[in-house]
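>>> coords please:
(chains A and B)
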Amino acid sequence: MSMPEATSAPDAPVINMGTAIRDGLLEAARRDPSVIFFGEGVEDPAALFGTLKDIGKHIGHDRMIEMPIAENGLIGIAIGAAMAGKRPVVSLQRVEFALLALEQILNNAAKAHYVSNGRHNVPLVLRMIVGRGWGQGPEHSQSMEAIFAHVPGLKVIMPAFAEDAKGMIAAAVEDDNPVVVIEHRWSHYTTSPVAEGYLHRPLDGPRTVRKGDGLTIVATSYMTLEAVRAADKLAEAGYPVEVLDLRVIRPLNLDPIVESVARTRRLMTVDTGFRMFGIGAEIASEVTSRCFDLLDAAPVRLGLPDHPTPSSRGLVKGFYPDAARIARTAAEMMGLDDTRISAMEEEILADRKDLPLDVPDPFFKGPF
Amino acid sequence: MADAGNDYRLRCLKQMLRIRLVEETIAERYAEQEMRCPVHLSIGQEASAVGVCDALLSDDRLFSSHRSHAHYLAKGGNLKAMMAEIYGKRDGCIGGRGGSMHLMDPDVGMMASIPIVASSIPLATGTALSDKFDKNGKVTISFLGDACLEEGVFHESANFAKLRGLPIVYVCENNLYSVYTKLADRQPDRPLTDIPAAHGIAHRHVDGNDLEAVREAALWAVETARSGNPTFLQLDTYRWREHCGPNYDNHIGYRTEEEFQTWRLQDPLERYRKALEESGTLGPASFADLEKNTQAEVNDAFAFAITSPLPEPTEALAHVYA
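Have a look, this model is predicted:
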């Protein structure tokens, strides 16, 4: 069973996940001069949503490599530099930009170690950001972890919490493998006390963030926050459920999930990608294979519906799974009566008040 | 026999002959069905691999493509390990994981062969970037075919190499064909060197079947690159056999027998042998001796590959992650 790591002292500075990632990258780069940064706008005033802010000032601007607009070429160049001993960190403003570089990522980053019989390592970090909200639309808001997780040789991580992200990004930089880091823009806003200085969190799979016996929810990235909110409401109503933050998509550590489901007898997955052919499908399928006899209900997957993400806040209504839907689905799986479910659902929606759908909920300013 | 100044000539002749005999032996024995992977032979193109690699130091780096036998051998790769790799054996240079299209030996600077057209070009550019960081004086060679100039990633890499002043030489072996499609059907009628020129990259265009011309151009390109100015070489040459496999394919209709014969007369090995004999660098009986000794070495390598064991299926699981 994977337990939550000790969290930082409550008097540690409260920062958001974007800043925590920046701090983690800077600490990792300070410790190892072979760390170099590539990005489109690597040192521009926006500094990639602040996640690279002032890093060049601290480690030297020659280690900050502005990318020409050439994702396949530049990621290939980063892979080559990694084969020659560097630890490149490539930052992309949107996940979709990585699609221009799939050839290099899937063929060379994922396979260089294998096809060199272990002679080459590619210690590469590929950060890509999911841009949900504010009408980002079909080609600026996708979450494509399933594509990267499909290919052996890549590691894929999706931090959801500020402190965790700081430690995981440092671990990603130190890892001798190519690590795809998918950062959700709305997770960037989450805050919590984060230990100062160097922090390392091993890339080792699910972390339990809520305990309970009614149901196991396996969530990824930002959906972990929605699941936590749903779990808190369910607990208030007397039905505590377990929430596992998957954290590491590949290599997928199923054991803690199976162990939890064996206890709760019910599984729900909530991920940031499309539901079809997604991470939830893989988990539900594996868990069903491993502990079919222990299940009291069929596993349920929540994810994005089967159409591209529209831009209009009118069209996007109901597109994303949220805490209310998670709570309702969980309650139905546990057999609660509909009156109680509706009451809980209404409470969650009331908390959000009339906040527009296309901006993050201030609830997600932790600490968690 | 040769004076000291002629050492490289005999060395290059021997390398070209060795590559030729290896590949002809592959062609001859391919029908035995023991080399169970695609093979892309560069018979007829030996001068480019040998001329370029002779201009390199042993720790300079080289990246290649699907047609990599000549590059691997010219860079100092282990012949026995190459043959074992093609035979899918455990003693292959990467333990049977890649076959003929993934030859590599980083100990001699043979970094990788990547069979996707143009895919190794950014990798080569990346090692050049790293070496520039480290100020270690190494140069990277990126061997590419004429079709690579149609891929966006060449332009992306060339742009960056020039922008950053990287120690890299892009060596285009122009053999006129991408599988069965001729250059004229793929690119407009303009000098190939216009493309690197558009990126501000210094370039030379030489007869790729003329060992001396290739070597001289390579010496210039490598030294220019070493000073932080990326360079491009266009080496015109011709593959004699089919794109993939051991046979001649002049009868299937995409090229003419006449065209083939014209190039056949430009055989880089034969041209160089004659030139060395005429200049007295190579004695009358020497070539026959060389051929005999080299064929014996080649036969040894094949025997080694054949007797090497197949890897166990469980070995396929290793090295997915570092």
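>>> List the contacts of the closest residue to chain A within chain B.
Among all residues of chain B, B:G126 sits closest to chain A, at 2.1 Å; criterion: C-beta to the nearest C-beta. Every residue, glycine included, has its C-beta placed from N, CA and C. Neighbour list for B:G126: A:76-84 [criterion: C-beta atoms under 8 Å, 6 or more residues apart in numbering or on different chains].
>>> mind checking which helix or strand it is in?
Using DSSP states H and E, B:G126 falls within helix B:120-134.
>>> average pLDDT across that helix?
Here helix B:120-134 scores 98 as its mean pLDDT.
>>> just stretch A:135-149 next, same as before
Mean predicted confidence for stretch A:135-149 is 95.
>>> What lies in contact with it?
Under the criterion C-beta under 8 Å, 6+ apart, residues A:94-96, A:98-99, A:102, A:105, A:128, A:130-133, A:154, A:156, A:158, A:180, A:182, A:184, A:220-221, A:249-250, A:252, A:271-274, A:277-279, A:282, A:304, A:308-313, A:358 lie in contact with stretch A:135-149.
>>> Please apply the same query to stretch B:85-98.
Identification of contacts with stretch B:85-98 by C-beta under 8 Å, 6+ apart yields A:114-117, A:119, B:26, B:34-37, B:39, B:72, B:77-78, B:80-82, B:84, B:99-100, B:102-105, B:113, B:304-306, B:308-311, B:315-316, B:319.
>>> low pLDDT regions in the stretch 1-150 of chain B?
B:1-5 (pLDDT under 70).
>>> Now do the helices for it: every range, in order, please.
B:7-29, B:46-53, B:69-74, B:79-86, B:120-134 (DSSP state H, counting those that start in this stretch).
>>> Need the CA coordinates for the fourth one. CSV is fine.
What follows is helix B:79-86, C-alpha atoms only, in CSV (Å, rounded to 0.1, in the frame of the first residue of the first chain):
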residue,chain,number,x,y,z
LEU,B,79,32.8,-6.5,-38.3
LYS,B,80,32.1,-9.7,-36.4
ALA,B,81,29.5,-7.8,-34.2
MET,B,82,27.9,-6.4,-37.3
MET,B,83,27.5,-9.8,-38.9
ALA,B,84,26.2,-11.3,-35.7
GLU,B,85,23.7,-8.4,-35.6
ILE,B,86,22.5,-9.1,-39.1
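>>> what about A:Q93, how many residues close to it?
Residues lying near A:Q93 (other C-beta atoms under 10 Å in any protein chain shown) number 18.
>>> what's the spacing between it and B:L129?
From A:Q93 over to B:L129 the distance is 22 Å, taken as C-beta to C-beta, to the nearest Å.
>>> Kindly report the same for B:R61.
Taken as C-beta to C-beta, the span from B:R61 to B:L129 is 12 Å.
>>> Repeat that for A:G197.
31 Å.
>>> neighbour count winner among those two?
B:L129 (28 against 6).
>>> I'd say the more buried one and B:G165 touch.
No: if you go by C-beta atoms under 8 Å, B:L129 and B:G165 don't touch, sitting 10.1 Å apart.
>>> Walking through the stretch 201-350 of chain A, point out its helices one by one.
For the stretch 201-350 of chain A, the helices defined by DSSP H, counting those that start in this stretch occupy A:222-236, A:255-264, A:279-291, A:323-334, A:338-352.
>>> ranking those by burial, who's on top?
Compared across the helices of the stretch 201-350 of chain A, helix A:222-236 shows the largest average neighbour count, a mean of 25 (mean count of other C-beta atoms under 10 Å in any protein chain shown).
>>> Give me the contact list for that one.
Contacts for helix A:222-236 (C-beta under 8 Å, 6+ apart): A:130, A:132, A:160-161, A:184, A:186-187, A:190, A:209-210, A:212, A:214, A:217, A:219, A:240-243, A:245-246, A:270-272, A:302, A:321-324, A:326-327, A:330-331, A:344, A:347-348, A:363-364, A:368.
>>> And those, which of them are buried?
A:130, A:132, A:160-161, A:184, A:186-187, A:190, A:209-210, A:212, A:214, A:217, A:219, A:240-243, A:245-246, A:270-272, A:302, A:321-324, A:326-327, A:330-331, A:344, A:348, A:363-364, A:368 (16 or more other C-beta atoms under 10 Å in any protein chain shown).
>>> Pick out the residue of chain A closest to chain B.
A:G80 (2.1 Å).
>>> just checking, that residue touches B:P122?
Yes: A:G80 is within contact range of B:P122, at 6.2 Å (criterion: C-beta under 8 Å).
>>> what ranges do the strands span in the chain?
Just so you know, I chose chain A. Using DSSP state E, the strands found in chain A span residues A:14-16, A:35-39, A:64-66, A:87-92, A:125-130, A:155-157, A:179-184, A:191-193, A:207-210, A:216-219, A:242-245, A:248-250, A:267-274, A:300-304.
>>> ah, I was thinking of chain B
Under DSSP E, chain B gives strands at B:61-64, B:110-113, B:140-145, B:168-174, B:177-178, B:181-182, B:202-207, B:231-236.
>>> Please work out which of those is packed deepest.
Counting by mean count of other C-beta under 10 Å, strand B:61-64 has the highest mean neighbour count of the strands of chain B, with a mean of 30.
>>> A:R119: neighbouring residues, count only.
18.
>>> give the contact list for the closest residue to it other than its chain neighbours.
Among residues not flanking A:R119 along the chain, B:P106 sits closest, at 5.6 Å (C-beta to C-beta, 6 or more residues apart in numbering or on different chains). By C-beta under 8 Å, 6+ apart, the residues touching B:P106 are A:116, A:119-120.
>>> try 10 Å this time
By C-beta atoms under 10 Å, 6 or more residues apart in numbering or on different chains, the residues touching B:P106 are A:83-84, A:116, A:119-120, B:59, B:61, B:112.
>>> same thing with A:R313?
A:133-135, A:319, A:356-359 are the contacts of A:R313 under C-beta under 10 Å, 6+ apart.
>>> same deal with B:L310?
By C-beta under 10 Å, 6+ apart, the neighbours of B:L310 are B:87-90, B:96.
>>> For it, give me the pLDDT.
98.
>>> one step back: taking the contacts of B:P106, tell me the two that lie furthest apart.
Longest distance between any two of those is 17.2 Å, between A:S116 and B:D59; criterion C-beta to C-beta.
>>> okay, those two: which has more neighbours?
Neighbour comparison, A:S116 and B:D59: the larger count goes to A:S116, with 24 against 14 (by other C-beta under 10 Å).
>>> That one contacts B:I114, correct?
No: distance between A:S116 and B:I114: 11.1 Å, which falls outside the contact criterion (C-beta atoms under 10 Å).
>>> Any chance you could list residues touching both of these two?
With C-beta under 10 Å, 6+ apart, A:S116 and B:I114 have common neighbours B:98, B:102, B:104.
>>> who in the stretch 251-368 of chain A is up against chain B?
Counting by C-beta under 10 Å from any C-beta of the partner chain, the stretch 251-368 of chain A comes close to chain B at A:P251.
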